[in-house]
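Predicted model follows, preceded by the sequence.
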Amino acid sequence: MSYAAGEALPPFVIESVSPDAMKQWAVFLADPNPIHLNVEVVKAKGLGDRVINQGPINVAYMMNMLMAAFPDGRIERMESRFLDNVYGGEKAVVSGTVTAVDGDRIDCAVQLDVDGRGTVNSATATIELTR
Amino acid sequence: MTELADLPPAPAVSGTTLDGTEIFTISAVENGALCRSTGVEPARDGTAHPIYYYIATQVAMGQTVAGLCAVCEFDVDDGPMMGSSGVRFQAPLRTGGQYRVGGEILSLERKKSRKLGVMDVLTYRLRLSELAGAVVLETDNVWVLPRKELA
């Protein structure tokens, strides 16, 4: 399969960010921060009225898009920036573009957008094609 | 408004070790649950989801999240925020794989922003290694620690 700079990558869509997944990730991350688990804590801190997705889940969404777009590749490098929170129940869409191709290495720009609020995470990544 | 030069400096924590003592094992069962929680099925070739770069290093470093904040003289209840996270993989992560974590705090810088006021920006580096010693990945994380008491 060949890739070219400027090529758009197929999006990865999360129809509804799951509060139940946040409970699982509190265990995976060994981090029981209540802003991910208890909406009353989120309200009390003035951070909104829905539980807040753990940042690494948002990175995982972006990785999912890259892994689907490059089934014969692996993520070699990734730099992610956290621009805003993602809330339980929101629809989120990962999109991406090939920015450069150098032999078996593909550079990409990736972003995670939520309905009505724009980009909440952005990233650059290098994929190494393995076949 | 207080000028940055008038504020006390950020705690001098650069170089603080974050070496872990525990072995982190990526469970195939947990990897499956993690993948499905993000909307995908786990890989069938024994590789783990690459987001384990963050999970394994956070869980097996030498500090808890609250402990790392405490090293920076910051109360975790005041809400640390992730700024950025970077990773460079030398090899894929594998289910059943056992790993150790080493690392250190690179810097803690006091800054001011119009949005957050006074904050300390924490940068730390962690390395995930196989038990035999080969480094599998290196990650740099940046957290923002809002210093409301200094605003």
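Right, received. Where do you want to start? This structure is a prediction, so every number in the text was calculated from the model and none was measured.

Stretch A:7-17: which residues count as buried?
A:9, A:12, A:14, A:17 (16 or more other C-beta atoms under 10 Å in any protein chain shown). To be clear about C-beta, it is placed using only N, CA and C from the backbone, and glycine gets the same treatment.

Tell me the residues of chain A that contact chain B?
Selection of chain A residues close to chain B by C-beta under 8 Å from any C-beta of the partner chain yields A:12, A:14, A:18, A:20-21, A:24-25, A:28-31, A:33, A:35, A:45, A:55-57, A:59-61, A:63-64, A:67-68, A:74-82.

pLDDT of the biggest helix by length in chain A, averaged?
When chain A is parsed with DSSP state H, its longest helix is helix A:55-69. Helix A:55-69 carries an average pLDDT of 98.

Using CSV, write out every CA atom in the helix or strand following that helix.
Next along the chain after helix A:55-69, taking DSSP states H and E as the criterion, comes strand A:73-82. C-alpha atoms of strand A:73-82 as CSV (Å, rounded to 0.1, in the frame of the first residue of the first chain):
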residue,chain,number,x,y,z
GLY,A,73,2.7,-0.4,10.4
ARG,A,74,3.5,0.4,14.0
ILE,A,75,3.6,3.7,15.8
GLU,A,76,7.2,4.6,16.3
ARG,A,77,6.8,8.0,17.8
MET,A,78,3.9,10.1,18.9
GLU,A,79,3.6,13.6,20.6
SER,A,80,0.2,14.4,22.0
ARG,A,81,-1.1,17.8,23.3
PHE,A,82,-4.1,18.1,25.6
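
For the residue lying farthest from the centre of chain A, give its distance to chain B.
Of all residues in chain A, A:Ala44 has its C-alpha farthest from the mean position, at 26.7 Å, by C-alpha atoms, centre = their mean. The span separating A:Ala44 from chain B equals 11 Å under the rule C-beta to the nearest C-beta, to the nearest Å.

what's the closest of the buried residues of stretch A:7-17 to chain B?
A:Ile14 (5.9 Å; C-beta to the nearest C-beta).

ok, now which ones touch that closest one?
Residues in contact with A:Ile14 (C-beta atoms under 8 Å, 6 or more residues apart in numbering or on different chains) are A:61, A:91-94, B:38-39.

Around chain A, which positions in chain B sit nearby?
B:30, B:33-34, B:37-40, B:49-51, B:54-55, B:58-59, B:64-65, B:76, B:79, B:81-89, B:92.

Filter those down to the buried ones.
Judged by 16+ other C-beta under 10 Å, buried ones among those: B:30, B:34, B:37-38, B:40, B:49-51, B:54-55, B:58-59, B:65, B:76, B:79, B:82-89, B:92.

circling back to that earlier point, out of the buried residues of stretch A:7-17, which sit inside strands?
Per DSSP state E, strands hold the following members of the buried residues of stretch A:7-17: A:9, A:12, A:14.
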